[in-house]
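Colleague: no letters, just coordinates:
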C-alpha cells in the first residue's frame, strides 16, 4: 500500500495543506480572462478579474492573502483607499485651491483668471518674440525718444541761432544803407561851407543874382559831387525855396521843396536825412540819369538836406543844399552785404502812401557772387507790413525762395534823421509808421541748418542701425543659447510623452537651461526604471496568479477521486501540463524505511 505522507512532506510547490499558496491576489491581474486547457480539452473557466466578477475559492483566497508580503498589502490598501471626506484646512480656507483640487480630481483644468487683452497677447507670444519685443521696447524706443528729443532741441537751437544771424545781417544791411547817406551828409556839410555857395546864397537872400562865372562855378561844383558820389541830385536852394543852381539840368528859379524837406531844414537849422519817393517825372525834370533797366513810376530816393547859414548871423539859415541818391536798380547795398556773408538774399523795398510794397533793389546769391541774380522779389508782404507798422523792431519769418527756405529779417528805416552837427548832439531818429518808406530785408539760407540736421539725422540713423544690429545679434545669441535648447527640450518631452522611451534631451551647456535638460534626462531615466520595475512586478504577479490557478485546478481534481492511484495520476497529469514536460514521476517512499533511526 502506498503511503502518501512523504509526498506531503517533500513537495516543492505544495504547502502543508493542498490549495494553499503564497500568491498575491492584490489585483495585479488585468481584467482580461485567463483560460487553462488540458490534453482532453478546455478546462473549466478559472478567470480572475480585478473588478470582482470571478473570485478564487474562499480557502485559496485566504491563503493567498495570508502569504502576501507587507509591501504588497500596503500597495493594495493604497489602491483601495477612498478619498478622505474631510479636506485639509488649507483647501477649506482657499476656495480657489479647493476648486482647483476638485477640477483636478475630475480630470479638468481649473479656469484661468481673465487678464487684459494686451497682457494675455504678450503672454501668448513665443519666448523669442517676447525677448525681441522687450529689447525693442527697452532699447530702441528710448533711443528713438532721445534721438527725436535731441533733434528737436538741436533744431530749435539752430533755428534760434539762424534767427539771431538774420537779425545781425539786417543790422549790417542797415549800416550799409546808411553809409551812403552819411557820406552824402559829410560831403554836403563841407560844401555848405564853400565860399562860392555861401556867397551865392547870401546874394540870393539879398535879391541879387550870381554872375555867369559864379553860376558856372556853382554848377561845376555840384556836378562834381554828383559824379564823385554817384548820386542823382545836387541842388542849391535859397531861402525862398527856389533853385539857385543844380548839378544836372539848369532849373534856376524853379521852386524846389520835395515833401517839405527844405522848409523843415530852413526852420530847424539841422541837417536832415530821410528816404522818400520821387516820381519818374520829377527825376526826368531834374535830368537825372537812372540805372538801366529800372522800371516803375516811383523811385526810392535817399535825401540829404544840409542848411546853409548866414556868415553874419550863424544862427540864421538862409539856404539849403540838397543831395539825392536813387536806390532803385543799384546793387551796391545788397552786394556789400552779400560780400560779407558769402550767400543769401538782400533787398530794399519801398512803400508808397497807400501801403503797397515794391522792390527797389535786391541781390539773390548762390555760391558765386558774380553770378548773383538781381531784382528778385519774394512773397514777404506780411513780414514787410509788420516791419513798417513797428519801425523800431526787427521781424523774422521763414520764406521760401526758389527751392529752399530762407530765414528773412525785416527792418524799417527811420522816417527822419536830424543831426545838429554844430552842437555835436548826434543823430535824432524819428519813426512814423504812416510815413515809413524804406524797409530792409535780409535772408539767411537754411542750407547750413539743413546740413547740420541731415548730419545729425544720419548719425542718429547710424546709431539706430548699430542698435538694431546689436539687438539682432543678441536675439540670435539668445535663440542659439536659450531658445533652441528649450525647443529641443520641448520636442524631447513631446516625443517621450508619445512613448519614445529612448528619447533624451541634448545637454549643450551648464547653465540653467542645461541643468533643466539634465533634470529632464534624470526624470526620464527614473520613469523608465520605474516603468520597468512595475512591468517586472506585474509579470511576476501574473505568473504567481497563473501558478495559483494551476494549483487550484490541481487540488480541485485531486479531491474528486478517492483512490490513491487516481489522485497521483491526476497530480502527474497536471504537473506535466504546468511544467510542459514529457514525463513526470511521483515516488512513494516506504514508511518503515523513512521512519527508521537515521543516526
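Modeller: Arrived safely, thanks for sending. Since the model is a prediction, treat every value here as computed from it, not as a measurement.
Colleague: CA only for contacts and neighbour counts going forward, please
Modeller: OK.
Colleague: run a quick neighbour tally on residue 547.
Modeller: 17 (other C-alpha atoms under 10 Å).
Colleague: residue 441 contacts residue 407, doesn't it?
Modeller: No: judged on C-alpha atoms under 8 Å, residue 441 makes no contact with residue 407 at a distance of 10.3 Å.
Colleague: between those two, which has more neighbouring residues?
Modeller: Set side by side, residue 441 and residue 407 show more neighbours around residue 441, with 31 against 24, by other C-alpha under 10 Å.
Colleague: can I take it that the more buried one is in a strand?
Modeller: Yes: counting by DSSP: H, G, I helix; E, B strand; the rest coil, residue 441 is located in a strand.
Colleague: which residues touch it?
Modeller: Residues counted as contacts of residue 441 (C-alpha atoms under 8 Å, 6 or more residues apart in numbering) are 170, 346, 347, 348, 349, 408, 409, 410, 411.
Colleague: in TSV: the residues you listed, plus secondary structure, pLDDT and neighbour count.
Modeller: Listed next are those as TSV, based on DSSP: H, G, I helix; E, B strand; the rest coil; pLDDT from 0 to 100; neighbours: other C-alpha atoms under 10 Å:
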residue	secondary structure	pLDDT	neighbour count
170	helix	91	25
346	strand	90	29
347	strand	92	28
348	strand	94	27
349	strand	95	22
408	strand	92	27
409	strand	94	29
410	strand	95	29
411	strand	94	28
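Colleague: mind listing what's buried along the helix or strand hosting residue 464?
Modeller: According to DSSP states H and E, residue 464 maps onto helix 447-478. Across helix 447-478, burial judged by 16 or more other C-alpha atoms under 10 Å covers 449, 453, 456, 460, 464, 467, 468, 471, 475.
Colleague: other SSEs contacting that helix?
Modeller: helix 127-135, helix 141-192 (3 or more C-alpha pairs under 8 Å, 6 or more residues apart in numbering; DSSP states H and E).
Colleague: report the inter-axis angle for the last one versus helix 447-478.
Modeller: Put plainly, it is helix 141-192. 170 degrees (axes from the mean of the first three to the mean of the last three C-alpha atoms, to 10 degrees).
Colleague: related to what we said a few turns ago, contacting residues around the following helix or strand past the helix holding residue 464?
Modeller: Next in sequence after helix 447-478, counting helices and strands by DSSP H and E, comes helix 484-497. With C-alpha under 8 Å, 6+ apart as the contact definition, helix 484-497 has outside contacts at 502, 503, 504, 505, 506, 507, 508, 513, 517.
Colleague: residue 222 reaches residue 231, doesn't it?
Modeller: No: the pair residue 222 and residue 231 fails to qualify as a contact (C-alpha under 8 Å) at a distance of 10.7 Å.
Colleague: in this protein, where is pLDDT below threshold?
Modeller: Scanning the chain for pLDDT under 70 picks out the ranges 1-116, 139, 143, 146-147, 366-371, 424, 557-562, 589-599.
Colleague: OK, contacts around the most centrally placed residue in the chain?
Modeller: In the chain, the residue lying closest to the centroid (C-alpha atoms, centre = their mean) is residue 144, at 3.5 Å. Residues near residue 144 by C-alpha under 8 Å, 6+ apart: residue 464.
Colleague: separation between it and residue 233?
Modeller: Going from residue 144 to residue 233 by C-alpha to C-alpha, to the nearest Å gives 64 Å.
Colleague: same thing with residue 156?
Modeller: From residue 156 across to residue 233, the span is 48 Å (C-alpha to C-alpha).
Colleague: of the two, who's got more company?
Modeller: Ranked by neighbour count (other C-alpha under 10 Å), residue 156 and residue 233 place residue 233 first, with 28 against 12.
Colleague: in CSV: the contacts of residue 441, plus distance to residue 356.
Modeller: Converted to CSV, the contacts of residue 441 look like this (distance: C-alpha to C-alpha, whole Å):
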residue, distance to residue 356
170, 21
346, 19
347, 16
348, 14
349, 10
408, 19
409, 19
410, 16
411, 16
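Colleague: out of the buried residues of helix 447-478, who's nearest residue 247?
Modeller: residue 449 (50.0 Å; C-alpha to C-alpha).
Colleague: any idea what sits nearest the closest one, other than its immediate chain neighbours?
Modeller: residue 158 (6.5 Å; C-alpha to C-alpha, 6 or more residues apart in numbering).
Colleague: burial check on the one you found, number of neighbours?
Modeller: There are 18 residues near residue 158, going by other C-alpha under 10 Å.
Colleague: thought it was touching residue 448?
Modeller: No: with contact defined as C-alpha under 8 Å, residue 158 does not count as touching residue 448 (9.4 Å).
Colleague: the longest strand in the protein is where?
Modeller: strand 298-309 (DSSP state E).
Colleague: so what are the sheet partners of the next helix or strand after that strand and their directions?
Modeller: Per DSSP H and E, the first helix or strand lying C-terminal to strand 298-309 is strand 317-326. Strands that pair with strand 317-326, judged by DSSP bridges, come out as strand 233-238 (antiparallel), strand 298-309 (antiparallel).
Colleague: roughly how far is the helix holding residue 464 from the heart of the chain?
Modeller: Mean C-alpha position of helix 447-478 versus that of the full chain (C-alpha atoms, centre = their mean, to the nearest Å) differs by 11 Å.
Colleague: and for stretch 489-503?
Modeller: How far stretch 489-503 lies from its chain's middle: 43 Å, per C-alpha atoms, centre = their mean.
Colleague: which parts of that stretch are buried?
Modeller: Residues of stretch 489-503 classed as buried by neighbour count (16+ other C-alpha under 10 Å): 489, 492, 493, 496, 503.
Colleague: tell me how far the first one lies from residue 127.
Modeller: As for residue 489, its distance to residue 127 is 14 Å (criterion: C-alpha to C-alpha).
Colleague: try the last one
Modeller: Noted for residue 503: a distance of 24 Å to residue 127, by C-alpha to C-alpha.
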